[in-house]
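Novice: Quick one: sequence plus predicted model below, questions after.
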Amino acid sequence: MSLRGKNILLGISGGIAAYKCAELTRRLKDQGADVRIVMTKAAKAFITPLTMQAVSGHAVADDLLDPSAEAGMGHIELAKWADLILLAPATANLMARLRAGFADELLTTLCLASPAPIAIAPAMNMEMYIAPATQENITVLASRGFSIWGPGEGVQACGDIGPGRLLEPADLVERVVNFFTVDKQILAGVNITITAGPTQEALDPVRYISNHSSGKMGFSLAEIAQKMGAHVTLISGPVKLTTPKNVERVDILSALDMHQASLAQLDCCDIFIACAAVADYRPEQVATHKIKKQQGIDDLTIKLIKNPDIIADVASVENAPFCVGFAAETQNIERYALDKLKRKKCQLIAANDVAKSGQGFNSEKNALTVFSETERFDITLATKKVVAKQLLEIIAQQYSQK
Ligand code: C5P
């Protein structure tokens, strides 16, 4: 029952392989998953909604503009409900529509509206599969963080032999299970400190300077690192997030507090991950009372002074932990990241391009390029938990070679 508690949205499009979806749904349910079905109009020509309703135990959703369906679990709820969207079979047409961002029927609308990761299991005639348009669509979708599972090769329904077969239900179920499985071994017993969220730099008792960091990336790292067996301490600025299970949380407000809390961890810290968006400067003076408007004076000057660089200080101590920094850049990502790696004495820098919309600061998804002194790793756009898993795999591998 390795999918217990997982919500899988199975999107079926119109190909002959749709007949395998009844078996696929049964096998996903055997593993404990809750499966809801969305069908395109063409899919219903290959397998009936009644069959899919019977095997999934839920009414099939197939219409974007159905008032009765929207009165139950509407399309936005369905988009939020899913932990994974699995498109199987995914036709050439469905992939072209996903690439273009269509939202004129339920399935593509759900894919656009959902923060969940999306896995695509293509199935079609081999000539359609190898056609340049299809190949280009698959490449673009993969670069946006969609997982592409298959297709398999062999005899096709039309008699051709080649690539284009839907992976077998057992193979697809195994991939879904692997997708959710976090390898418990790779960080077993390792002490990890993670900073997360923004800092607040007080001006007076009621005002502060801060930023829009949500803390989601740091909290995702803490959750997954703990699942990988690490002892995790999460030093967090003010955020609206619940503490991941079995993670020790230290709440702070200012950069100076975060600096102190981080240095206090160094006795038992093997890996330090600085994910926080620390304010570079703080007001030199914090007024004891609320700063009042001055009659007849239209400007106010506040002197700011530099905050300590937390990760640089952590990386400079004797027997420093393995240090991983983040870099939010809008241009020259590689140059700035490598410069930061050296200057802050980090072993890894995870850079994200904050100029691209839909990733990074205060967003559900992220994409990273990770630099060591000699290597580069790309993590494509995905939910922050999926990105956290991949980043921690890189960290674990590099840490073990230290
Ligand atoms: O220098 P910059 O702010 O771009 O560096 C970002 C990285 O350094 C992040 O990992 C951030 O958490 C860390 N940092 C820090 N202390 C600061 C500023 C940034 O630890 N005062």
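Specialist: Structure's in. What do you need? This one's a predicted model, so the numbers in the text were calculated from it and none came from an experiment.
Novice: For the lowest-mean-pLDDT helix or strand in the chain, buried residues please.
Specialist: In the chain, no helix or strand scores lower on mean pLDDT, DSSP states H and E than helix 67-71, which sits at a mean of 77. Residues of helix 67-71 classed as buried: 69-70 (neighbour count, 16 or more other CB atoms under 10 Å). C-beta coordinates here come from the backbone N, C-alpha and C atoms, glycine included.
Novice: I would like the residues contacting it, please.
Specialist: When contacts are taken as CB atoms under 8 Å, 6 or more residues apart in numbering, the neighbours of helix 67-71 outside the stretch itself are 59, 61, 63, 75.
Novice: Mind picking the two most distant members of those?
Specialist: With distances taken as CB to CB, the most widely separated pair in the contacts of helix 67-71 is A59 and H75, at 13.4 Å.
Novice: Which one of these two is surrounded by more residues?
Specialist: When neighbours are counted by other CB atoms under 10 Å, H75 comes out ahead of the other of A59 and H75, with 22 against 15.
Novice: Residue numbers of this protein in contact with the ligand?
Specialist: Taking CB under 6 Å from any ligand atom as the criterion, the chain approaches the ligand at residues 195, 255, 274, 276, 278, 307, 309-311, 325-327, 340.
Novice: Out of the contacts of helix 67-71, which is nearest to the ligand?
Specialist: Comparing those against the ligand with CB to the nearest ligand atom places H75 closest, at 37.6 Å.
Novice: so what pLDDT did that closest one get?
Specialist: Looking at H75, its pLDDT is 85.
Novice: Quick check: it touching E105?
Specialist: No. With contact defined as CB atoms under 8 Å, H75 does not count as touching E105 (10.4 Å).
Novice: what do the two both touch?
Specialist: With contacts defined as CB under 8 Å, 6+ apart, the residues shared by H75 and E105 are L64.
Novice: For burial, what's the neighbour tally of T301?
Specialist: Other residues near T301 number 4, with proximity taken as other CB under 10 Å.
Novice: Ok, K365 next?
Specialist: Residues contacting K365 under the criterion other CB under 10 Å number 18.
Novice: dump the residue contacts of L10.
Specialist: 21, 24-25, 28, 35-38, 56, 86, 88.
Novice: Just the element for the nearest residue to L348 once chain neighbours are set aside, please.
Specialist: If the residues on either side of it in the chain are set aside, L348 comes closest to V324, at 4.5 Å by CB to CB, 6 or more residues apart in numbering. Mapping V324 onto the secondary structure by DSSP states H and E places it in strand 322-329.
Novice: by contact count, what packs against that strand?
Specialist: Strand 322-329 makes packing contacts with strand 271-274, helix 310-316, helix 333-343, strand 348-353, helix 384-400 when contacts are defined by 3 or more CB pairs under 8 Å, 6 or more residues apart in numbering; DSSP states H and E.
Novice: Which of the three states applies to the residue of the chain positioned farthest from its centre?
Specialist: Of all residues in the chain, the one whose C-alpha sits farthest from the chain's mean C-alpha position, using CA atoms, centre = their mean, is G296 at 50.9 Å. Local secondary structure at G296 is given as coil here, using DSSP: H, G, I helix; E, B strand; the rest coil.
Novice: Need the pLDDT of it.
Specialist: pLDDT recorded at G296 is 93.
Novice: Likewise for N362?
Specialist: 65.
Novice: cool, the one 3 residues further on as well?
Specialist: pLDDT for K365: 78.
Novice: For the closest residue to K44 other than its chain neighbours, which residues are in contact?
Specialist: Counting by CB to CB, 6+ apart, K44 lies nearest to D62, which is 7.0 Å off, once chain neighbours are set aside. Neighbouring residues of D62 by CB under 8 Å, 6+ apart: 38-41, 44, 49, 106.
Novice: Can you give me the pLDDT of D62?
Specialist: Confidence at D62, expressed as pLDDT, is 90.
Novice: Likewise for D183?
Specialist: Confidence for D183, expressed as pLDDT, is 66.
Novice: repeat for the one 3 residues further on
Specialist: For I186, the model assigns a pLDDT of 91.
Novice: I'd like the numbering to begin with 211 instead of 1 from here.
Specialist: OK, 211 is where the count begins now, so the last one is I396.
Novice: can you pull the contacts of T498?
Specialist: By CB under 8 Å, 6+ apart, the residues touching T498 are 414-415.
Novice: Am I right that it sits in a helix?
Specialist: No. With three-state DSSP as the criterion, T498 is assigned coil and is not in a helix.
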